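Chemist: the following comprises the amino acid sequence and a computationally predicted model.
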Amino acid sequence: TRERYKIEAKNSELKNVHGYGRAISYGITSMQLQGALAIFTVNLKRILKLSA
């Protein structure tokens, strides 16, 4: 429970900044693609932040 705030911050960024809270198009495949792209974007931002 003490580590939860770290996870919730990442979930909040996904939902509010990268559009993870609402589907862009119909179908499970498109939602999976949208989720994968959002998570990839957040991970890429983190990698760039840590390497700088």
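Modeler: Everything's here; your move. Residues are numbered from 1 along each chain as shown.
Chemist: which stretches in this protein count as helices?
Modeler: In the chain, the segments counted as helices under DSSP state H are 4-16, 28-51.
Chemist: what angle separates the least confident helix or strand in the chain by mean pLDDT from helix 28-51?
Modeler: One helix or strand of the chain scores below all others by mean pLDDT, DSSP states H and E: helix 4-16, with a mean of 89. For helix 4-16 against helix 28-51, the angle by axes from the mean of the first three to the mean of the last three CA atoms, to 10 degrees is 120 degrees.
Chemist: can you give the contact residues for helix 4-16?
Modeler: For helix 4-16, the external contacting residues (CB atoms under 8 Å, 6 or more residues apart in numbering) are 20-21, 38-39, 42. In short, each C-beta sits where N, CA and C put it, glycine included.
Chemist: in it, which residues are buried?
Modeler: Of all the residues in helix 4-16, those buried under the rule 16 or more other CB atoms under 10 Å are 13-14.
Chemist: what do you get for stretch 16-27?
Modeler: In stretch 16-27, counting by 16+ other CB under 10 Å, buried: 18, 20.
Chemist: I'd like the numbering to begin with 26 instead of 1 from here.
Modeler: Got it, first residue is 26 now, which makes that one stretch 41-52.
Chemist: ends of it, how far apart?
Modeler: Its start and end residues considered, stretch 41-52 measures 21 Å (CA to CA, to the nearest Å).
Chemist: re earlier: for the least confident helix or strand of the chain, what is the distance to the chain centroid?
Modeler: Distance of helix 29-41 from the chain centroid (CA atoms, centre = their mean, to the nearest Å) equals 8 Å.
Chemist: kindly report the same for stretch 41-59.
Modeler: 10 Å.
Chemist: quick one: pLDDT of Ile49?
Modeler: Here the pLDDT value assigned to Ile49 is 86.
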